[in-house]
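Q: can't give you the sequence, but here's the structure:
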């Protein structure tokens, strides 16, 4: 099967010549050798024990007796799960986080009350030396090969060192926030590269919006793209309008087929007839909200409300977690959220509706709040370097060229059709007013 790209079609200001391209060519997944091998892990049980003793002694000096019931050692954090002595209020312990940080010579200490599923308090202490979680070691796990979900990716490792697997289909959208350099862009790269190791260009398409023109431009010309990486505000708004239009067209197809979602639609289809998933990534929401706040908010919320069934998923990031960027309406439609390190409790609450992210230590340290969780939990995000991204993208780019959609042209056609419908309604309304001499809104609505 060959797909013909029309001659001289303008896509994002660029022209493409006629190309005959295989619809289902032998796409080869990138070899794992393109990714960096994990370095040797730094472990020190004596360091963990010594910190535990110092923690107990510091609390005792302030009149808070505790027993360490369990120790969980993650890549960047050690959590001491402690039991308070009878009569000790939790609030007394909570007020000692700064004193504990000073005593242990660490940037900060986060206290979790209670530890999920236990009547214990978790005291999270940053390690002196962080064990980075390299993306390669997670992609080499058997679970990545054996699970069938198309949009599965490893987010990182939790406080106990267990891999956190995320299925974008069930989230179904993801909002990321955090200060500059906290790990947002690395997280987005990890998600995209994980998916490139998992799905073919026919199974999943990407729409990448990068107003900063820094991170996502590296993915230009890969066959998974439905449109070149979007760099300017005007094209971004039109691209998101196209996503809404595409979403509604997919619902029309579902109605004709008598199915409810993309899985039902693809179930009995031949490969070339199947509908692709669409992952829309926005690397800096604040820049777009500054120029088109209300309009953009409505568009994003509409996609978030209706996109899941049609296989359309949003991954949106911002380094400015303020209420004029992450509005109440956006939060309500993005129940799955990640906060990296932020400057204040206010920023943490803006993203997660709870404090705690101000105690994170950076470098991929995050609080993850998936839709099904009662409260956020701590994860050390997987790491991939810019060099690794370039290697993987170069390998994929060499295989085949992208088949772009004329998004701008399609959205303009849709607007023209809407205007024609509106013109006909106006003509009919004018005829009724002239014929009857009545011009009230209620009268026209009844007719």
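A: The structure has been received and is ready for your questions. Here the structure is a predicted model, which means the values were calculated and not measured.
Q: burial of the nearest residue to residue 139 once chain neighbours are set aside, as a residue count?
A: What sits nearest to residue 139 in space, not counting adjacent residues and going by CB to CB, 6 or more residues apart in numbering, is residue 197, at 5.7 Å. To be clear about C-beta, it is placed using only N, CA and C from the backbone, and glycine gets the same treatment. For residue 197, the tally of surrounding residues (other CB atoms under 10 Å) stands at 20.
Q: and residue 197, how far from residue 91?
A: For residue 197, the distance to residue 91 (CB to CB, to the nearest Å) stands at 47 Å.
Q: quick check on the residue nearest to residue 139: phi, psi?
A: When quoted as degrees, to the nearest 10, the phi and psi of residue 197 stand at phi -80, psi 0.
Q: and it, what does it touch?
A: Counting by CB atoms under 8 Å, 6 or more residues apart in numbering, residue 197 makes contact with 29, 30, 32, 139, 144, 392.
Q: same check, this time on residue 301
A: Per CB under 8 Å, 6+ apart, neighbours of residue 301: 329, 330, 332, 333.
Q: cross those against helices and list the overlap.
A: Counting by DSSP state H, the part of the contacts of residue 301 found in helices is 329, 330, 332, 333.
Q: filter the contacts of residue 197 down to the buried ones, ChimeraX style.
A: Here is the ChimeraX selection string for the buried members of these, based on 16 or more other CB atoms under 10 Å:
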select :30,139,144,392
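Q: what's around residue 411, how many residues?
A: Residue 411: 20 neighbours (other CB under 10 Å).
Q: what average pLDDT does the strand or helix carrying it get?
A: Residue 411 is part of helix 407-436, with elements assigned from DSSP states H and E. For helix 407-436, mean pLDDT is 64.
Q: can you check stretch 150-162 too?
A: If you average the pLDDT over stretch 150-162, you get 96.
Q: gap between the two ends of that stretch?
A: 21 Å (CA to CA, to the nearest Å).
Q: distance of residue 38 from residue 198?
A: Separation of residue 38 from residue 198 (CB to CB) stands at 20 Å.
Q: need phi/psi at residue 205.
A: The phi/psi pair for residue 205 (degrees, to the nearest 10) is phi -110, psi 150.
Q: ugh, typo on my part, it should be residue 105
A: Taking degrees, to the nearest 10 as the convention, residue 105 sits at phi 60, psi 50.
Q: could you check the pLDDT of it?
A: Looking at residue 105, its pLDDT reads 93.
Q: which neighbouring elements make contact with the helix or strand containing residue 249?
A: Using DSSP H and E, residue 249 maps to helix 233-257. Packing partners of helix 233-257 (3 or more CB pairs under 8 Å, 6 or more residues apart in numbering; DSSP states H and E): strand 204-209, helix 262-266, strand 277-282, helix 285-306, strand 312-318, helix 407-436.
Q: want to try JSON lines for these, with distance to residue 375 as columns?
A: Converted to JSON lines, the helices and strands packed on helix 233-257 look like this (distance: least, CB to CB, whole Å):
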{"stretch": "strand 204-209", "distance to residue 375": "31"}
{"stretch": "helix 262-266", "distance to residue 375": "30"}
{"stretch": "strand 277-282", "distance to residue 375": "26"}
{"stretch": "helix 285-306", "distance to residue 375": "22"}
{"stretch": "strand 312-318", "distance to residue 375": "22"}
{"stretch": "helix 407-436", "distance to residue 375": "39"}
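Q: the ones you listed: which one's closest to residue 51?
A: Across the helices and strands packed on helix 233-257, residue 51 has its closest neighbour in strand 312-318 (33.5 Å, CB to CB).
Q: please state the offset of the closest one from the chain centre?
A: Distance of strand 312-318 from its chain centroid, counting by CA atoms, centre = their mean, to the nearest Å, is 5 Å.
Q: follow-up on the earlier one: separation between the residue nearest to residue 139 and residue 144?
A: For residue 197, the distance to residue 144 equals 8 Å [CB to CB].
Q: repeat that for residue 95.
A: 43 Å.
Q: and residue 177, by the same measure?
A: Applying CB to CB, the value for residue 177 to residue 144 is 27 Å.
Q: go on, residue 112?
A: Distance from residue 112 to residue 144, counting by CB to CB: 29 Å.
Q: could you do residue 234 as well?
A: Taken as CB to CB, the span from residue 234 to residue 144 is 39 Å.
Q: what's the answer for residue 307, then?
A: Distance of residue 307 to residue 144, given as CB to CB: 25 Å.
Q: next: residue 129.
A: Going from residue 129 to residue 144 by CB to CB gives 27 Å.
Q: and for residue 277?
A: Residue 277 is 18 Å from residue 144, where distance means CB to CB.
Q: equivalent analysis for residue 88, please.
A: Distance of residue 88 to residue 144, given as CB to CB: 44 Å.
Q: residue 67: which element?
A: Residue 67 belongs to strand 66-73, assigned by DSSP H and E.
Q: tabulate the contacts of residue 197 (TSV), appending pLDDT, secondary structure and distance to residue 186.
A: What follows is the contacts of residue 197, written out as TSV (pLDDT from 0 to 100; DSSP: H, G, I helix; E, B strand; the rest coil; distance: CB to CB, whole Å):
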residue	pLDDT	secondary structure	distance to residue 186
29	94	coil	22
30	96	coil	18
32	96	helix	19
139	97	helix	15
144	96	helix	19
392	97	helix	14
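Q: which one of the contacts of residue 197 sits closest to residue 273?
A: Nearest to residue 273 out of these is residue 29 (CB to CB; 23.1 Å).
Q: grab the nearest non-local neighbour of that closest one.
A: Ranked by CB to CB, 6+ apart and with sequence neighbours excluded, the top spatial neighbour of residue 29 is residue 197, at 5.8 Å.
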